[in-house]
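1. Sequence isn't available, so here's the structure alone:
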């Protein structure tokens, strides 16, 4: 019997993609893996990250017996997607900032990219802007503190409104900005708080629907779900178990790396 679709992220951000996958593939079995011991990825050195991502994903794919891997992390995808596809024997679906749909949606042509410091400055991201948003003004904002806010929220803690307002403040320096790309999978988990902190209405765009569509194309033969999905973590704890349970996953098992 075919295995599950495995969703990977540094932390709980990939759970925003899980919701879209369940909408698109309601009968499919899903598993989840996270490298929360090394959270956040956004401020770590590139070469180290590539080695770490390969090690964690290789272990998670082998342990889960998955039929496809969804890298639900912009930082990991923009850095290690090609290396993962070379290493692994299952299809790999990546996540990239939703620059293309945001450029099509924006009426003013003024877009914000809210992401981790690694993603906003990576050449892959700059190529997306050059390819799909050449006629737009794109304001790139590093908002690493929002990763922790999303993690705290799913752990049952209240988010810090001051942190969110401070992270968003550079966006509002452009009075014509009307569309914001949520370029980290953690950020859609804070969508209502982000909207509440905005001084005016803007469109918030993320990649989750596109990821779900692509996964449906490559993940043929997925077994039907039977009970809670398996989950794996490099540092299992009660807070993570609680967050995963809210999305239909069993308590995380310790992921052993080679």
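-> Here it is on my side, so go on. A quick note: this is a predicted structure, and the numbers were derived from the prediction, not measured.

2. Return the mean pLDDT over the lengthiest helix in the chain, rounded to an integer.
-> Ranked by residue count and defined by DSSP state H, the top helix of the chain is helix 46-64. Average pLDDT, helix 46-64: 95.

3. same question, stretch 126-143
-> Mean predicted confidence for stretch 126-143 is 96.

4. Tell me which residues are up against it.
-> 42, 96-97, 99-100, 102-103, 106, 109-117, 120-121, 125, 167-168, 170-171, 173-174, 176-177, 184, 187 (C-beta atoms under 8 Å, 6 or more residues apart in numbering). C-beta here means a position set from N, CA and C on the backbone, and glycine is covered the same way.

5. Which of these fall within strands?
-> 110-115 (DSSP state E).

6. List buried residues within the contacts of stretch 126-143.
-> 42, 96-97, 99-100, 102-103, 106, 110-117, 120, 125, 167-168, 171, 177, 184, 187 (16 or more other C-beta atoms under 10 Å).

7. quick one: the longest helix of the chain to chain centroid distance?
-> 16 Å (C-alpha atoms, centre = their mean, to the nearest Å).

8. Now that helix: buried residues?
-> Quick answer for helix 46-64 (16+ other C-beta under 10 Å): 49-50, 52-61, 63-64.

9. Can you list the low-confidence ranges for this protein?
-> 1, 220-221, 223-224, 226 (pLDDT under 70).

10. Report the central residue of it.
-> Centrality entry for the chain: nearest residue to the mean C-alpha point is residue 185, 2.7 Å, by C-alpha atoms, centre = their mean.

11. gap between that one and residue 145?
-> Residue 185 sits 16 Å away from residue 145, going by C-beta to C-beta, to the nearest Å.

12. Equivalent analysis for residue 104, please.
-> Counting by C-beta to C-beta - residue 104 and residue 145 are separated by 29 Å.

13. and the longest helix of the chain, what does it pack onto?
-> Under the contact definition 3 or more C-beta pairs under 8 Å, 6 or more residues apart in numbering; DSSP states H and E, helix 46-64 sits against strand 5-9, strand 30-34, strand 68-71, helix 74-87, strand 231-233.
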